[in-house]
Structures are given as structure tokens and as C-alpha cells.
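Q: The following comprises the amino acid sequence and a computationally predicted model.
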Amino acid sequence: MSDEPRRAGFVAIIGAPNAGKSTLTNRLVGAKVSIVTQKVQTTRFPIRGVAIEGAAQIVLVDTPGIFQPRRRLDRAMVRAAWGRAEEADAVVHLVDAAAELGQSPADRRAQADVEAIIEGLKRAGRAAILALNKVEGVKREALLEISKRLFDTGVYGEVFMISAKTGSGVADLKRRLASLMPEAPWFYPEDQTADLPARLMAAEITREKLYLRLHEELPYAAAVETTKFEEKTDGSARIEQTIFVQRESQRPIVLGKHGQTLKWIGQHARQELGELLGHPVHLFLHVEVDEAWPERRERYADLGLDFDV
Ligand SMILES: Nc1nc2c(ncn2[C@@H]2O[C@H](COP(=O)(O)OP(=O)(O)OP(=O)(O)O)[C@@H](O)[C@H]2O)c(=O)[nH]1
Ligand SMILES: [Mg+2]
């Protein structure tokens, strides 16, 4: 490396649910640190990923989607996202370009969320970088139109057009973010890409498989908790997890016919965990009904979320 001074800082990636924040975080880091599904509100609490660009260490903070919150968990998620934006050295507002052009109810919701985020940025007096995402299927004229309309709100200093999925435009964004980091010693060792505790990461991976498999039917606020994480002397790990649902009627949905759904979830989670940990994993999943899950203070503390919001 050159004798350029070292830089290090935090970049918060905010945006409406499903904009692609976690996909972008993973892409910038070059490793999977945050789970991704087609379901809105996948990310529940801020997740840090660490990227290096030249002399800069960029700590990317993937945040829960910002939307009109109603329930306590929603409020806590949205609060956490804004909180991380306030603390960050730079803020990227990621906008789903395809949704900006769409007419479906989901697109309309996303558009309203984008408007509200712009208002929030205005109130905070916070300059953000606008990143238009999912541009790979969108016509250039349409992109320019969206970008002009959003830029005219006055809250953005610059615009990037990217596809977090294909990676197009992401290298430019990364270089720009690196240049915005203050001079500082690095926060993490060079080879570290994530800082989520293993139990939490393991729970997230299972939650991803649960969402991927059941995104339509999935009850709101289904949750996964690692109850046991034991490294064995033979080099394998024994992991026990509980999937919480809120109603007795939701248990058979997660189990599936003859337990097939739970088996699928377990197989896929176990495989990914094994790859991540670099050794075999024995994964045991239980399904439990806990009606009051979203009202339990200790669950919020585990995720680093404020309960009293
Ligand atoms: N076509 C396309 N799809 C993308 C792109 N980036 C993300 N997606 C998809 O968009 C969906 C949502 O991606 P996530 O990364 O989970 O979005 P998010 O903003 O983190 O969502 P929440 O955590 O729910 O707020 C997934 O199905 C992704 O594969 C992109 O550049 N192009
Ligand atoms: Mg996410």
C-alpha cells in the first residue's frame, strides 16, 4: 500500500424496504454479511459490513427499511435506521428505480416511503448520496428523469446509478465513499468483514431461509433465536434454534406437510452455516408459539433495538 494516510469511517445505507440495501452492503463488502430476501422488512436491526478501498476502511451500516411504522417492532426498526444515519460520516439513500416507475400498490408504497425519507433528510439537514438501484432493466431516459426529480429536492450532493445485483456502478460508488472517510486508524483487522456475533448470524441465516421459503404465507414477526451454539471437539458445531411464530395456526405453516418445509429450511441453513464456519454443522430447529414476541423487551435488547419507541 502507498503511504497515503489511513482513513476509516461509517457509511449508513438507508432506504425504503426492499430497495436493495442489504444486497448493496454485501456487494460493497464482497461477502455476505446481511441477509437478502424478496420480502419487505427483511433487515430488522443495523448490520455492519467492512469494506476496504485503497487506504480507506469503510464500515457499511445496513439498516432496516424506513417506512410508516405502526407496530412497536416497526418503530424500533425505523428509529434504528435514522439513528445510524445521524451518526454516520456519509449517508447513502438507496432508491429502487424500478419501483419509482411502477404503478403497483407495492411500488406506490415504496414511492411514498422515498418521499418521507427525503422529508426526513431535509429535517435532519443531512446531505446524502442518492444511489438509484435496480437500474439494469430501466431505460436511460427514465433514469435521468427520476434522478432529476429526486435531485431537485435539494437533499442530495450527488447521484450514482447502480445495480447492486449485477455490481454495475458499485465500484465508482465505493471509490467515492472511500474518499469521504475521515483520516483515522482502521477500526477492524484487515481480514474482518462482519462483526455480528456467531449466534446472531446463525439466527439470521435461518430467518433468511424461512423468509425465502414462506415469504407469502409468513406471519409478521416470525423470529429465530439461537439457543445453543456448541463447538464440538471433533471440529463440528451443534446449533439449536427456535423459530417463534405468533399463533398456533402458524406452526403447521412452518412445519409444512410431513415437516417438509422445516426440513428444507434446516437443510439450507445448515449448508450455508457450514460454509460460513468452515466446518460441519448439526442444526436443530424447533418451532414455538409466542404470541407476545414483539412485545418482549429482552428480544429488542438482543438485537440492539430500543424497546421504548
Ligand atoms: N433486479 C434487481 N434486484 C435487486 C437489486 N438489488 C437488490 N435486488 C433484489 O431486491 C430484493 C430486496 O433486496 P434486499 O437487499 O433484501 O433489500 P433491502 O433494502 O435490504 O430490504 P429490507 O431489509 O427489507 O429493507 C431482493 O430480491 C434482491 O435480490 C438490483 O440491483 N436489481
Ligand atoms: Mg435488508
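A: Looks like it came in fine. Ligands and ions are numbered 1, 2, ... in the order given.
Q: helices and strands around the helix ranked longest in the chain, which ones?
A: The single longest helix within the chain, with elements called by DSSP state H, is helix 105-124. For helix 105-124, the elements it packs on are strand 7-15, helix 72-87, strand 90-96, helix 97-101, judged by 3 or more Cβ pairs under 8 Å, 6 or more residues apart in numbering; DSSP states H and E. Glycine gets a C-beta too; all of them are placed from N, C-alpha and C.
Q: Now the longest one: average pLDDT?
A: Mean pLDDT, taken over the full extent of helix 72-87, equals 96.
Q: Begin at 21 from now on, thanks
A: Sounds good: first residue 21 from here, last item helix 92-107.
Q: Only the buried residues of that helix, if you could.
A: For helix 92-107, the neighbour count (16 or more other Cβ atoms under 10 Å) marks 92-105 as buried.
Q: Can I get that helix in CSV, CA atoms only?
A: The C-alpha coordinates for helix 92-107 follow below in CSV (Å, rounded to 0.1, in the frame of the first residue of the first chain):
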residue,chain,number,x,y,z
ARG,A,92,-43.5,-1.4,18.2
LEU,A,93,-41.1,-3.5,16.2
ASP,A,94,-41.6,-1.3,13.1
ARG,A,95,-41.0,1.8,15.1
ALA,A,96,-37.9,0.4,16.7
MET,A,97,-36.5,-0.6,13.3
VAL,A,98,-37.2,2.8,11.7
ARG,A,99,-35.7,4.5,14.7
ALA,A,100,-32.6,2.4,14.4
ALA,A,101,-32.2,3.3,10.8
TRP,A,102,-32.4,7.0,11.4
GLY,A,103,-30.1,6.8,14.4
ARG,A,104,-27.4,5.2,12.3
ALA,A,105,-27.8,7.8,9.6
GLU,A,106,-27.3,10.5,12.1
GLU,A,107,-24.0,9.0,13.4
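Q: What are the boundaries of the strands in the chain?
A: 27-35, 67-73, 76-82, 110-116, 148-153, 176-181, 243-251, 257-265, 301-309 (DSSP state E).
Q: what would the helices and strands packed on helix 125-144 look like in CSV with distance to residue 305?
A: Output for these, formatted as CSV (distance: least, Cβ to Cβ, whole Å):
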stretch, distance to residue 305
strand 27-35, 30
helix 92-107, 22
strand 110-116, 32
helix 117-121, 34
